[in-house]
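Student: here are the coordinates; sequence isn't available:
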């Protein structure tokens with residue numbers, strides 16, 4: 001489940017990065033309407049949640065490692 005969560009978060013962050021990169025290209029500037037406040041906020045929330053997923057996965061992995069080594 002942790003691998004699935006990491007893969008999903010990585011995929012989501014990669015897609016968001018790619019969309020932002022494409023949107024910022026000079027060739028796209030003439031046809032791109034400014035993002036609405038809601039769309040921009042939604043992207044930011046997705047980025048925060050993706051990063052938070054990795055933080056939680058790292059914390060769980062460290063805690064699991066510490067607990068496992070304490071019992072042996």
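Tutor: It's in. Since we're looking at a predicted model, the values are computed, not measured. Numbers count the residues shown, from 1 in each chain.
Student: and the residue positioned nearest the centre of the chain, what does it touch?
Tutor: Centroid-nearest residue in the chain, with CA atoms, centre = their mean: residue 50, separated by 2.8 Å. Taking CB atoms under 8 Å, 6 or more residues apart in numbering, we find residue 50 in contact with 9-10, 12-13, 16. In this view, the C-beta of every residue, glycine as well, is placed from N, C-alpha and C.
Student: change it to 6 Å
Tutor: Contacts for residue 50 (CB atoms under 6 Å, 6 or more residues apart in numbering) come out as 9, 12-13.
Student: Among those, name the buried ones.
Tutor: Buried residues within the contacts of residue 50, counting neighbours by 16 or more other CB atoms under 10 Å: 9, 13.
Student: Out of the contacts of residue 50, the closest to residue 67 would be?
Tutor: Taking CB to CB as the measure, residue 67 sits nearest to residue 9 out of these, at 23.4 Å.
Student: other SSEs contacting the helix or strand hosting the closest one?
Tutor: Assigned by DSSP states H and E, residue 9 falls within helix 2-24. Applying 3 or more CB pairs under 6 Å, 6 or more residues apart in numbering; DSSP states H and E, we find helix 2-24 packed against helix 37-70.
Student: Buried residues of the helix it packs on, list them for me.
Tutor: 50, 53.
Student: Let me know the helix or strand that residue 32 is in.
Tutor: In this assignment (DSSP H and E), residue 32 forms part of neither any helix nor any strand.
Student: what's the burial count for it?
Tutor: Counted with other CB atoms under 10 Å, the neighbours of residue 32 add up to 11.
Student: Can you give me the separation between it and residue 4?
Tutor: Note on residue 32: its distance to residue 4, by CB to CB, to the nearest Å, is 33 Å.
Student: ditto for residue 48
Tutor: Counting by CB to CB, the separation of residue 48 from residue 4 is 20 Å.
Student: for residue 42, same thing?
Tutor: 23 Å.
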